[in-house]
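Student: starting from these lines, generate the structure:
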Amino acid sequence: MTDFAFDRLRRWPDVESPNLFAADATDRLLLETAAADIATAMPGEVTVIGDRYGALTLGAAHAGATGIRTHQDALSGERALANNAEVHSLTGSFTSMPLDASVVSGARVVLLQLPRSLDALAEITELIARHATADVTVYAGGRVKHMTHAMNDVLGEHFGAVTAQLAQQKSRVLVARDPAPPAGDPAWPARESHRDLDLVVCAHGAAFAGTKIDIGTRFFLGFLEQLPAATQAIDLGCGTGVIATAVARARPGMRVTATDQSAAAVASARETALANGVADRITVVRDDGLSGWETSSAELILLNPPFHVGATVHAGIAEKLFVDAARVLTPGGELWTVWNSHLGYRPVLERLVGPTRQLGRNSKFTVTVSTRR
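Tutor: Predicted structure coming up:
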């Protein structure tokens, strides 16, 4: 793969920064390790899961694979793949698909960027074992510093042979063969009842916090009674839909849109709304921020922003969401945000959105209300 132009790949429309990269040594190592199988694969036999910005999909296409099926959890990754495909004249060499049977059915070669979440890996592994061919080979790669022996164990639950290749350039590939299709119904999405909140949370493997409720969200939920009178609200970066569901229950007359760029989050939020009896008042959409919303079209936006990009702590995603919220809010509309206090987002919110007041603060989190100028 030395002749593929990895250095021409971009992350756009995801956050770009000198310390954030569109490809890494794991992409190269995966393609090199699987090169023989990629070269001999028939059309439609190569599947890529977890490709970040197109390195694996386009690298495989460059090596001769056709009819590639690919799944990326992040919508920004899908859009970056499409942009990079155009630059490399490889548009049409792949199809972006959901994480279901359609993406792995009949696959003989699966290239997988290992997710950091074991739950995400478990869901992917189960899916491949159920629907890929009996002679499928899974090439699962990651950075050594993020890999654990538990990943071997998760793969081993549904594959008879799992071997670890030698590490190169701080990356390693696990090779899994001999799938053992599981009996019974799929394990995902998982469900958990939180009796203290009278709330059921449903989650697919890659959804942030899984079926748990992160402590920032828990703190935020304590302020819902103070929400302004609005006819609609947006739960921006909704995750498993906990905030959207809680708002819909607390305000029966309010319509709520839950939006996230993560396919796993969107699927989880739909299940959470359904499990709590409010699916008729919550619309769940997959969007990169608020790119699908018109300017000055929303009265109220609720946000628990991420503070990292992949494995890197970075404020870029939060600021991108603040900018989107400022554009979409009507004048006088409000952005309610919960954030890790040490990040000090208040000046940023003041600058990007408008006057910001503190609604509450504990040892770890701050809740603010920013009014659109």
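Student: how close does the spatially most central residue of the chain sit to Tyr53?
Tutor: In the chain, the C-alpha nearest the mean C-alpha coordinate belongs to Ser262, at 3.5 Å (CA atoms, centre = their mean). Ser262 sits 15 Å away from Tyr53, taking CB to CB, to the nearest Å as the criterion. Bear in mind the C-beta positions are built from the backbone N, C-alpha and C, glycine included.
Student: can you check Tyr345 too?
Tutor: Taking CB to CB, one finds Tyr345 at 27 Å from Tyr53.
Student: do Ile282 as well
Tutor: 31 Å.
Student: just the CA coordinates for the strand ranked longest in the chain, please, in CSV.
Tutor: When the chain is parsed with DSSP state E, its longest strand is strand 329-340. What follows is strand 329-340, C-alpha atoms only, in CSV (Å, rounded to 0.1, in the frame of the first residue of the first chain):
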residue,chain,number,x,y,z
LEU,A,329,-31.3,29.6,17.8
THR,A,330,-33.8,32.4,17.3
PRO,A,331,-32.9,35.8,18.8
GLY,A,332,-33.6,35.4,22.5
GLY,A,333,-33.5,31.6,22.2
GLU,A,334,-31.6,29.6,24.9
LEU,A,335,-28.7,27.1,24.8
TRP,A,336,-28.6,25.0,28.0
THR,A,337,-25.2,23.4,28.4
VAL,A,338,-23.7,21.1,31.0
TRP,A,339,-19.9,20.9,30.9
ASN,A,340,-16.9,19.7,32.8
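Student: any idea which helix or strand comes after that strand?
Tutor: helix 346-352 (DSSP states H and E).
Student: pLDDT averaged over that following helix - what is it?
Tutor: For helix 346-352, mean pLDDT rounds to 97.
Student: ok, now stretch 31-48?
Tutor: 97.
Student: hmm, back to that, more neighbours: Tyr345 and Tyr53, which one.
Tutor: It is Tyr53, of Tyr345 and Tyr53, that has more neighbours when counted by other CB atoms under 10 Å, with 26 against 23.
Student: doesn't Glu78 make contact with the more buried one?
Tutor: No. Counting by CB atoms under 8 Å, Tyr53 does not reach Glu78; the two are 9.6 Å apart.
Student: how about Thr133: what's its closest non-neighbour residue?
Tutor: Arg108 (5.2 Å; CB to CB, 6 or more residues apart in numbering).
Student: ok, now which ones touch the one you found?
Tutor: Contact analysis of Arg108 by CB atoms under 8 Å, 6 or more residues apart in numbering lists Asp37, Ala41, Met42, Glu45, Val46, Ala132, Thr133, Asp135, Val136, Thr137.
Student: just checking, which of those residues belong to helices?
Tutor: Asp37 (DSSP state H).
Student: show me where the protein has its helices.
Tutor: 25-33, 35-40, 55-62, 75-87, 101-104, 118-131, 149-156, 215-221, 242-250, 263-275, 316-328, 346-352.
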